[in-house]
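S.K.: next come a sequence and a model predicted from it.
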Amino acid sequence: MNIRLDIDAEAALKCALYGTLFLITEHSMSSNQSLENGLDILTLLKDAREPLGVREIARRLELSPAVAQRLLNTLSSQGFVEQAASSRRYQIGYAVLGLAQHVFQRGRLLSLAESELQSMAADGCFNGFLGVRRGSSGVYVLAVQSESPVVIRAHAGEAMPLHSTALGKALLFDLCDEKIAALLGEGPYERRTDRTIIEPGKFVEQLDVARSLGYATAISENVEGVISVGAPIYDAGSAVTAAISVAFPRAVYPKVKITDVAQRVLAAAKRVSKGLGFEGSREHMEREKNNVVQ
């Protein structure tokens with residue numbers, strides 16, 4: 001089974017518009033009505049074939065000119081709308097493009113990761129996953145199932161523990177020990193199997209080893225009898241933006257070497273990272289491993 005999230009240009013712009021007004025409302029507006037009016041202005045300007053004046057915007061949206069001007073001033077101060085030099089009328093600003101680019105980048109992440117996971121799944125035993133961190137949990141974004149007789153299922157949007165999955169551990173690679181402790185708590189962590197590491201100190205030690213290797217493993221730590229290998233994906237700013245992993249049942253494939261799987265996962269993560277604009281190297285990340293995000 002293959003789960004895919006498609007993002008087209010129209011959806012990207014809509015996400016950018018909603019993200020824009022959410023940020024603006026957080027800082028300078030207090031009511032839901034202001035948010036809705038601001039969104040209406042951005043949508044109106046998006047659909048307009050030419051820049052619009054304050055009174056025209058107010059008329060079309062049934063706002064008072066004073067309210068329209070106040071909203072435009074706020075949007076303009078943040079770069080989300082701008083005035084045309086020749087007419088002083090308003091049009092969409094370039095700041096919206098930056099938000100849209102962020103959405104497009106996520107779409108590129110999905111596309112690149114899916115291609116890599118499909119390739120590994122084609123070998124017949126590797127179930128592949130893409131995930132991101134949201135607070136103290138991981139979230140599956142993409143799942144590609146192999147033709148293995150044992151299917152390891154996960155669905156897009158499903159939460160995962162960070163301490164017992166290879167994917168979750170890889171998502172923690174650029175966080176310092178203090179940040180990890182704040183996220184996961186004082187422990188003991190949830191025991192998923194007899195092999196789950198539940199003591200914070202031992203978990204940090206395991207994570208340090210994983211960082212030095214460039215990949216993380218979970219051997220019967222989350223699901224009994226299942227081995228998973230995960231590696232982080234870096235963005236253009238050298239931050240961990242996601243991670244990929246593969247999982248397979250040891251009983252079905254006893255001759256598969258974890259180190260061989262790890263090299264494939266590492267190579268795939270490196271290609272995806274490069275596709276997102278990451279220009280660092282494994283050696284660079286080795287040098288930075290003791291300078292993790294505070």
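M.R.: Sure thing, it's come through.

S.K.: which residue is nearest the middle of the chain?
M.R.: Residue closest to the average C-alpha location in the chain (C-alpha atoms, centre = their mean): V132, at 4.7 Å.

S.K.: mind checking how far that one is from G93?
M.R.: To G93, V132 is 29 Å away according to C-beta to C-beta, to the nearest Å. C-betas here are computed from N, CA, C, even on glycine.

S.K.: and what of S86?
M.R.: Relative to G93, S86 is positioned 16 Å away (C-beta to C-beta).

S.K.: comparing those two, which residue is more hemmed in?
M.R.: Between S86 and G93, G93 has the larger neighbour count (other C-beta atoms under 10 Å), namely 19 against 7.

S.K.: what residues are up against the nearest residue to that one once chain neighbours are set aside?
M.R.: Once flanking residues are discounted, G93 sits nearest to E82: 4.2 Å by C-beta to C-beta, 6 or more residues apart in numbering. E82 makes contact with S76, Y90, Q91, I92, G93, Y94 under the criterion C-beta atoms under 8 Å, 6 or more residues apart in numbering.

S.K.: who does the helix or strand that contains E82 pair up with?
M.R.: Using DSSP states H and E, E82 sits in strand 81-83. Strands that pair with strand 81-83, judged by DSSP bridges, come out as strand 90-92 (antiparallel).

S.K.: please enumerate the strands of the stretch 101-250 of the chain.
M.R.: Ranges of strands within the stretch 101-250 of the chain are 127-134, 137-144, 159-160, 216-219, 226-234, 240-249, based on DSSP state E, counting those that start in this stretch.

S.K.: put together JSON lines for these, with distance to L184 and mean pLDDT on each row.
M.R.: Converted to JSON lines, these look like this (distance: least, C-beta to C-beta, whole Å; pLDDT from 0 to 100):
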{"stretch": "strand 127-134", "distance to L184": "11", "mean pLDDT": "92"}
{"stretch": "strand 137-144", "distance to L184": "10", "mean pLDDT": "90"}
{"stretch": "strand 159-160", "distance to L184": "13", "mean pLDDT": "90"}
{"stretch": "strand 216-219", "distance to L184": "15", "mean pLDDT": "96"}
{"stretch": "strand 226-234", "distance to L184": "17", "mean pLDDT": "96"}
{"stretch": "strand 240-249", "distance to L184": "16", "mean pLDDT": "93"}
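
S.K.: what stretches of the stretch 51-200 of the chain score poorly on pLDDT?
M.R.: Applying pLDDT under 70 to the stretch 51-200 of the chain flags residues 100-104, 124, 148-151.

S.K.: what helix or strand is V272 located in?
M.R.: According to DSSP H and E, V272 maps onto helix 258-275.

S.K.: give me the buried positions along that helix.
M.R.: For helix 258-275, the neighbour count (16 or more other C-beta atoms under 10 Å) marks V261, A262, R264, V265, L266, A268, A269, K270, V272, S273, G275 as buried.

S.K.: same list (these) but as a markdown table, adding pLDDT and distance to G187.
M.R.: Shown next, in a markdown table, are the buried residues of helix 258-275 (pLDDT from 0 to 100; distance: C-beta to C-beta, whole Å):
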| residue | pLDDT | distance to G187 |
| --- | --- | --- |
| V261 | 92 | 29 |
| A262 | 95 | 27 |
| R264 | 95 | 33 |
| V265 | 96 | 28 |
| L266 | 96 | 29 |
| A268 | 96 | 32 |
| A269 | 97 | 28 |
| K270 | 96 | 33 |
| V272 | 96 | 32 |
| S273 | 96 | 31 |
| G275 | 93 | 37 |
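
S.K.: ok, of those, which one's closest to S119?
M.R.: Nearest to S119 among these, counting by C-beta to C-beta, is A268 at 7.6 Å.
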